[in-house]
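# Need coordinates for the following:
(one chain, ligands or ions: 2)
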Amino acid sequence: MAISLQKGGRFNLTKSEPALKKIYIGLGWDTQPGSALDLDASVFMLNTSGKLPQDEFFIFYNNLKSPDGAVQHTGDNRTGIGEGDDELIMAHLGLLDDRIGEILVTVTMHEGVNKNQNFGMVHNAYIRLVDVDSNREILRYDLEHNYPTATEVEFGRLKKEASEWHFIASGIGTNIGLQAYVDKYA
Ligand SMILES: [Ca+2]
Ligand SMILES: [Ca+2]
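Numbers count the residues shown, from 1 in each chain. Ligands and ions are numbered 1, 2, ... in the order given. Sure thing, here's the model as predicted:
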């Protein structure tokens, strides 16, 4: 049975899953019947100062793979229609560049500000972590909090502390737009 986390919850991956090497990060969401929303998963791979070591460590639909080969985005979903994972990210902990101490997983609403869309229109949003080798779900965080003004939401982050990887169910919504969001970590 997978662990279910609440907003702000933490899980020590290294301690609980010592054999874990490859993680499949599944992100899902649904919209109102009949309305398609294009949500985009992005990953910020940060150093211990909380910055991207170089721009290419920002992984999104136009830069699908990190320079170290550790993180790969499997592609863009334009509608969110259907059950199950809408966008997927693969993370191979063993391949990570030594400088990386934090991996943020954020979902942004494509042109949300221009289209007057926000996360209040999104339902059943979740992030889940699956052990690729055993195909077993390790944990899941359902974002039950409502985000009526947010155009981007950090779903969760992996953080290395004293050589151990932790998952944090952050669930932080903002409405600054993707460019401003990227600028914060550049
Ligand atoms: Ca998308
Ligand atoms: Ca969906």
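
# And the strands in this structure?
Here the chain has its strands, by DSSP state E, at 3-5, 10-12, 22-31, 39-46, 58-59, 71-73, 87-92, 102-109, 122-131, 136-142, 152-161, 164-168, 172-174.

# List, one by one, the residues from this structure near ligand 2.
Within the chain, the positions near ligand 2 by Cβ under 5 Å from the ion are 30, 80, 86. Bear in mind the C-beta positions are built from the backbone N, C-alpha and C, glycine included.

# what's near enough to touch the second one?
So the one you mean is residue 80. The contact partners of residue 80, taken as Cβ atoms under 8 Å, 6 or more residues apart in numbering, are 28, 29, 30, 31, 36, 37, 38, 39, 86, 122.

# what's around the fourth one, how many residues?
I take that to be residue 31. 18 (other Cβ atoms under 10 Å).

# Could I get the contacting residues of it?
37, 79, 80, 81, 121, 122, 123.

# Nearest residue to the first one in space, please, no chain neighbours.
Which is residue 37. Nearest residue to residue 37 in three dimensions, chain neighbours excluded: residue 31, at 4.6 Å (Cβ to Cβ, 6 or more residues apart in numbering).

# Can you read off the pLDDT for the residue lying closest to residue 156 once chain neighbours are set aside?
In space, residue 156 comes closest to residue 127 once its chain neighbours are excluded; the distance is 4.9 Å by Cβ to Cβ, 6+ apart. Per-residue pLDDT puts residue 127 at 97.

# Run through who's touching the longest helix along the chain.
Looking across the chain with DSSP state H, the single longest helix is helix 178-185. Helix 178-185 has contacts (Cβ under 8 Å, 6+ apart) with 42, 44, 46, 50, 51, 52, 58, 104, 106, 108, 152, 174.

# how far is stretch 139-156 from where the chain is centred?
10 Å (Cα atoms, centre = their mean, to the nearest Å).

# ok, now which ones touch the residue lying closest to residue 124 once chain neighbours are set aside?
Leaving aside its sequence neighbours, residue 124 sits nearest to residue 30 (Cβ to Cβ, 6+ apart; 4.5 Å). Contacts for residue 30 (Cβ under 8 Å, 6+ apart) come out as 80, 81, 83, 122, 123, 124.

# Whether stretch 30-37 contacts ligand 1 - can you check?
No. Stretch 30-37 does not reach ligand 1 (Cβ under 5 Å from the ion); its nearest approach is 8.8 Å.

# for this protein, what helix or strand is lowest in average pLDDT?
When each helix and strand of the chain is scored by mean pLDDT, DSSP states H and E, helix 178-185 comes last, with a mean of 91.
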